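Next one to model:
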Amino acid sequence: MEKNRIFANRYELKELIGSGGMAEVYLAHDRRLNRDVAVKVLRSTLTHDPVFITRFKKEAVASASLNQPNVVSVFDSGDEAFVDEKGNVVHRPFIVMEYVMGKTLKDILASHGKLSVDDSLEILEGVLKALSYSHSKGIVHRDIKPANIMITSSGSIKVMDFGIARALEDVSGNLTQTQAVVGTAQYFSPEQAKGETVDARSDLYSAGCVLYEMVSGVPLFKGDNAVSVAYQHVQEIPELPSKINPDLPKNVENLIMKSIQKNPDLRYQSADDFISDLQKVRKGREIKTNPAQSVKATQVMSPVVSSPLQLNDATTQVQPTPALTKTGLSSNQKIAILIGSIGAALLIAGLVIFFLFFNKPGGGDAGDIEVPNLSVAQTSVQACSMLQDVKLICDLTTTTDPQIADGMFIKQDPAAGQKVKQNSVVKVYFSTGPSSAEIPQLEGKTEVETKSLLEDAGLVLGTVKKEDSGSVYEGQVTRSEPPAGEKLSKGDKVNVWLSTGKYKLPDLTGLSRDEATSSLAGVNIQIAFENQDSKLPEGTVVKQTPKPGSVPQGSTVTLWIAETDDRVVVPTVEGLDRNVAQNTLAELGLVVIVESQMSDAVGSDKAIGTDPVAGTQVEQGSKVTLYISSGPPEPELPIDQTVTP
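Numbering: from 1, shown residues only. Sure thing, here's the model as predicted:
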């Protein structure tokens, strides 16, 4: 994929940081919110497979519904149009996620081997908290493994990839084997391996497998292929982790062994129960264990025919030695050898039967394979998986069918039960539903892309109009009528509106600075601020440039913000009593200096005036002289008048 490609006119791809069987993950920059994000994009080879597209979109829905510190957050989702090598427009769904700086637990185990008990328990507690939350929301993860557990640079634990997560109500029914066997073989539960009902306890088994690997440095089971590992989850008794790590505390081993019980009823019944015991172990406290819950005591599915020769773990009682026959063996010994031979033969026969069953040959000649019944598969992926399991080639075709719902099986050729040679092609038909068409997501697409998308969906581009938009670039679709997601009959028209590349700027005067900024959020408009003295409340928009109306996207809008005026006007205090005048000036933040002055016009101890005079604007804290009348001057005596006693 091109570097610096922009998704949804917003997310600029920087570099590939991870990939898997279904998707690629890129480091990207969110231009709108100015932050780094991770963008997960469906692989180009899967863009024509409706099953994988649906699964990818379900991941976005499942992850977006989870808001918990130990779950990687999902911010956005959509799909982006591409032109392939043949010139066809294809769509690749994408999910925008929290960008987590750190490493996967898989990478850490690969470089460090086993981890310390303290670190292992701390990591598992974070995983279990994520599972407790997702289970409370009715979502089973179904693929807990080290590759889906992130350790951030700050030490936080994050669970990611809900790509095969399913709602509890979706997995509570009767599931076929192909429906349930999803996940990673080294970590999925026995019920997943056998195609049985999967619930929250399956995630707890997988979590136990992860803990086993963290403290021992090796997976619970290993094998040459996924089938071999799946068989061991169902059938084999795992090696005690203390045999691999002799320093492992017994309490930790008890925690692990309870979590990996093959019978779900003997495991922890909820993530909270698991967390409770884990916290006790971290504090050095004992946890309750039931000897009956030992993995050895768990009944497992036996592949062999039942035999009269039974082994018992109990102490063998010594029997009296019977009389010997001429052969030197007692009759009981002869019988024992005979029974043992029969048992061995039955064991070998049973193993052969199990091998043939597990590899699903069709019986008959070695080269003949019985075509499985694909009607039990509820997705095309499951149907093809069933064929691949028996070494047949899947030729998948989708077609409309007025009677069969979208995504459901229609027919197969050859029919179920027929014998064919290995690597034969089996044609499988799945329905796309009746001949109705769903309007695709068109926002942000060009007129050419829109026309192509509608034609691919069996629809026709109708009228094209233009309208202002603050977030959709010029020439791209702002909306459609009917809107995306609605279904029409094939051949119907869909009207669209294209952006003029301009934005209808509203009147922002009178709003607060925050209100004005919020009203322009998500709009391709730059904002500049200037301060202006005003009698309006501080922080209010006094004026704006340009004025309200249509402006080009990317324009800069300057807002003048009212600023508090620190200057005050010297009031008129003439005739006021001394104290009243002095207080009037002081309340305005002025420093008052009092001076006496004789006055014929103003009575004694009253204000004559100020310096600066009344009406003058001065800064708060300025000095103002207050003149107070000391009364009229005393009369002068005539010069020639003589005063005699």
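
From residue 49, how far out is residue 415?
Taking Cβ to Cβ, to the nearest Å as the measure, residue 415 falls 25 Å from residue 49. Where you see a C-beta, it was placed from the backbone N, CA and C, and this is true even at glycine.

neighbour-wise, which of the two wins?
residue 49 (17 against 11; other Cβ atoms under 10 Å).

residues in contact with the more buried one?
Listed by Cβ atoms under 8 Å, 6 or more residues apart in numbering, the contact partners of residue 49 are 380-381.

Residue 372 versus that one, what's the distance?
Per Cβ to Cβ, residue 49 is found 21 Å from residue 372.

quick one: contacts for residue 479?
When contacts are counted by Cβ under 8 Å, 6+ apart, residue 479 touches 443, 496-497.

Same check on residue 94?
Counting by Cβ under 8 Å, 6+ apart, residue 94 touches 7, 11, 39-42, 77-80.

Inside strands: which ones of those residues?
The members of these that map onto strands under DSSP state E are 7, 11, 39-42, 77-80.

could you redo the residues you listed as JSON lines and give each row distance to residue 543 and neighbour count?
Output for those, formatted as JSON lines (distance: Cβ to Cβ, whole Å; neighbours: other Cβ atoms under 10 Å):
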{"residue": "7", "distance to residue 543": "38", "neighbour count": "21"}
{"residue": "11", "distance to residue 543": "36", "neighbour count": "24"}
{"residue": "39", "distance to residue 543": "41", "neighbour count": "30"}
{"residue": "40", "distance to residue 543": "46", "neighbour count": "26"}
{"residue": "41", "distance to residue 543": "46", "neighbour count": "24"}
{"residue": "42", "distance to residue 543": "49", "neighbour count": "24"}
{"residue": "77", "distance to residue 543": "41", "neighbour count": "20"}
{"residue": "78", "distance to residue 543": "39", "neighbour count": "18"}
{"residue": "79", "distance to residue 543": "43", "neighbour count": "21"}
{"residue": "80", "distance to residue 543": "41", "neighbour count": "20"}
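
Pick out the most distant pair among those.
Distances among the ones in strands among the contacts of residue 94 were taken as Cβ to Cβ; the most separated pair is 11 and 42, at 15.0 Å.

circling back to that earlier point, right, and out of the contacts of residue 94, which lies closest to residue 380?
Residue 380 has its nearest neighbour among the contacts of residue 94 in residue 42, at 15.8 Å by Cβ to Cβ.

Quick check: the closest one touching residue 90?
No: the pair residue 42 / residue 90 is not scored as a contact, 10.3 Å apart, by Cβ atoms under 8 Å.

For the stretch 101-250 of the chain, which segments count as helices?
If DSSP state H, counting those that start in this stretch is used as the criterion, the helices of the stretch 101-250 of the chain fall at 105-112, 117-136, 168-171, 177-180, 190-194, 200-216, 226-235, 241-244, 250-259.

Pick the most deeply packed of the ones you listed.
Comparing these on average neighbours per residue, with mean count of other Cβ atoms under 10 Å, the densest one is helix 200-216 at a mean of 26.

That one versus helix 226-235: what angle between them?
Helix 200-216 and helix 226-235 meet at an angle of 100 degrees, taking axes from the mean of the first three to the mean of the last three Cα atoms, to 10 degrees as the criterion.

Renumber starting at 23 from here on
Will do, 23 is the new start, and the previous item becomes helix 222-238.

what about dumping the CA coordinates of helix 222-238 to CSV?
Listed next in CSV are the C-alpha coordinates belonging to helix 222-238 (Å, rounded to 0.1, in the frame of the first residue of the first chain):
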residue,chain,number,x,y,z
ALA,A,222,-16.6,-17.5,28.4
ARG,A,223,-14.9,-20.5,30.0
SER,A,224,-13.1,-21.2,26.7
ASP,A,225,-11.3,-17.9,27.0
LEU,A,226,-10.2,-18.8,30.6
TYR,A,227,-8.7,-22.1,29.3
SER,A,228,-6.8,-20.1,26.7
ALA,A,229,-5.6,-17.7,29.4
GLY,A,230,-4.4,-20.8,31.4
CYS,A,231,-2.4,-22.0,28.4
VAL,A,232,-0.8,-18.5,28.1
LEU,A,233,0.1,-18.6,31.9
TYR,A,234,1.6,-22.1,31.4
GLU,A,235,3.8,-20.9,28.6
MET,A,236,4.9,-17.8,30.5
VAL,A,237,6.1,-19.7,33.6
SER,A,238,7.6,-22.7,31.7
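
chain center to that helix, what's the gap?
Distance of helix 222-238 from the chain centroid (Cα atoms, centre = their mean, to the nearest Å) equals 21 Å.

before we move on, back to that, residue 482: which of the contacts of residue 116 is nearest?
Nearest to residue 482 among the contacts of residue 116, with distances taken as Cβ to Cβ, is residue 101, at 20.8 Å.

Hmm, residue 464 and that closest one touching each other?
No: between residue 101 and residue 464 there is no contact under Cβ under 8 Å: 10.6 Å.

one step back: make JSON lines from the contacts of residue 116 and add distance to residue 415 and pLDDT to it.
Below are the contacts of residue 116 laid out as JSON lines (distance: Cβ to Cβ, whole Å; pLDDT from 0 to 100):
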{"residue": "29", "distance to residue 415": "36", "pLDDT": "84"}
{"residue": "33", "distance to residue 415": "39", "pLDDT": "88"}
{"residue": "61", "distance to residue 415": "34", "pLDDT": "89"}
{"residue": "62", "distance to residue 415": "30", "pLDDT": "87"}
{"residue": "63", "distance to residue 415": "29", "pLDDT": "85"}
{"residue": "64", "distance to residue 415": "24", "pLDDT": "79"}
{"residue": "99", "distance to residue 415": "34", "pLDDT": "81"}
{"residue": "100", "distance to residue 415": "35", "pLDDT": "81"}
{"residue": "101", "distance to residue 415": "30", "pLDDT": "80"}
{"residue": "102", "distance to residue 415": "32", "pLDDT": "80"}
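
No more questions from me, cheers.
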